[in-house]
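K.L.:
kindly generate the corresponding structure for this input.
(one chain, ligands or ions: 2)
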Amino acid sequence: VPVVILIVGPATWVEKFPEARGTRQSPVDIVTSRASSGGSAPPLVWRYSVNHPRSVVNPGYCWRVDENGYDSELRGGPLGSDVYKLQQWHCHWGSVNGEGSEHTVDGRAFSGELHLVHWNTSKYNSFTEAAGQPDGLAVLGVLLMVGSKHDELDKVVRLLPYIQHKGDKVTFSEPLNPANLLPKRIAYWTYPGSLTTPPCTESVTWILFKEPVQVSAEQVRLNLCYYVNGKNV
Ligand SMILES: Nc1nnc(SCC(=O)Nc2ccc(S(N)(=O)=O)cc2)s1
Ligand SMILES: [Zn+2]
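P.N.:
Numbers count the residues shown, from 1 in each chain. Ligands and ions are numbered 1, 2, ... in the order given. Prediction:
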């Protein structure tokens, strides 16, 4: 009986998304010995609005929080003189604890990875337009490791049981400051890269914080069980 092997992972993305064959594809392994020092880059500065309604969506993999157009600003660091605005933030978790981050550091994976996705409002008129431009997006990456409970993240994790299936969405108005999702030490690695999932557009300036942020084992478990249930191929 002929065996049909259905490959749905990154290896087949190039067939439908030519960008995936590009020269600046993410994620990457950060080889710390090869990272150059920051030199004279200006400080990275951010400001997020706290008291506005947000919605948590199940896009079919992990979960995503939409900022619904409320004001915010990310500037400085590797972003030149452009100002970026937070569009959405989401997570990547593994199917097994201890793996699941997209970026690795010296070959080491973390239990998860949070992405805060911003777009260049100085140059473009919409997220979708910016998402197709080489300097259109800036994503802050936060590595997650098991440790103490993360109270700010818990405002989302506790809502996961209500969005078990693809397309489910729940809106909440509890005040939340995305800045509280970032590590205390703001040292980071940065490189020109791409969206890590289709269409893999090479439009992302990646800014990955060096210091992992701790989440509790229970929060990982909730994401894992949610991930397994909510995950669509
Ligand atoms: N040209 C376009 N690409 N993507 C869109 S809208 C969908 C979208 O936001 N995709 C997206 C995919 C991956 C990432 S990630 N994991 O942060 O690199 C962020 C965002 S329009
Ligand atoms: Zn992501």
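K.L.:
now the end-to-end length of stretch 186-200.
P.N.:
27 Å (C-alpha to C-alpha, to the nearest Å).
K.L.:
which stretches of the chain have low pLDDT?
P.N.:
Along the chain, the model assigns pLDDT under 70 to residues 1-8, 95-98, 225-233.
K.L.:
contact residues of it facing ligand 1?
P.N.:
Contact residues (C-beta under 6 Å from any ligand atom) of the chain with ligand 1: 115, 117, 128, 131-132, 139, 195-197, 199, 201, 204. The way it works is simple: take the backbone N, C-alpha and C, and place the C-beta from them, glycine included.
K.L.:
kindly recompute the last result at 5 Å.
P.N.:
By the rule C-beta under 5 Å from any ligand atom, the part of the chain lying against ligand 1 is 115, 117, 128, 131-132, 139, 195-197, 199, 201.
K.L.:
buried ones in stretch 121-129?
P.N.:
Buried residues in stretch 121-129, defined by neighbour count with 16 or more other C-beta atoms under 10 Å: 121, 124, 127.
K.L.:
residues touching that stretch, excluding its own?
P.N.:
Residues external to stretch 121-129 that are found in contact with it (C-beta atoms under 8 Å, 6 or more residues apart in numbering): 81-85, 87, 119, 130, 133, 135-136.
K.L.:
change it to 6 Å
P.N.:
82-83, 85, 87, 119, 130, 136 (C-beta atoms under 6 Å, 6 or more residues apart in numbering).
K.L.:
this completes my enquiry, with thanks.
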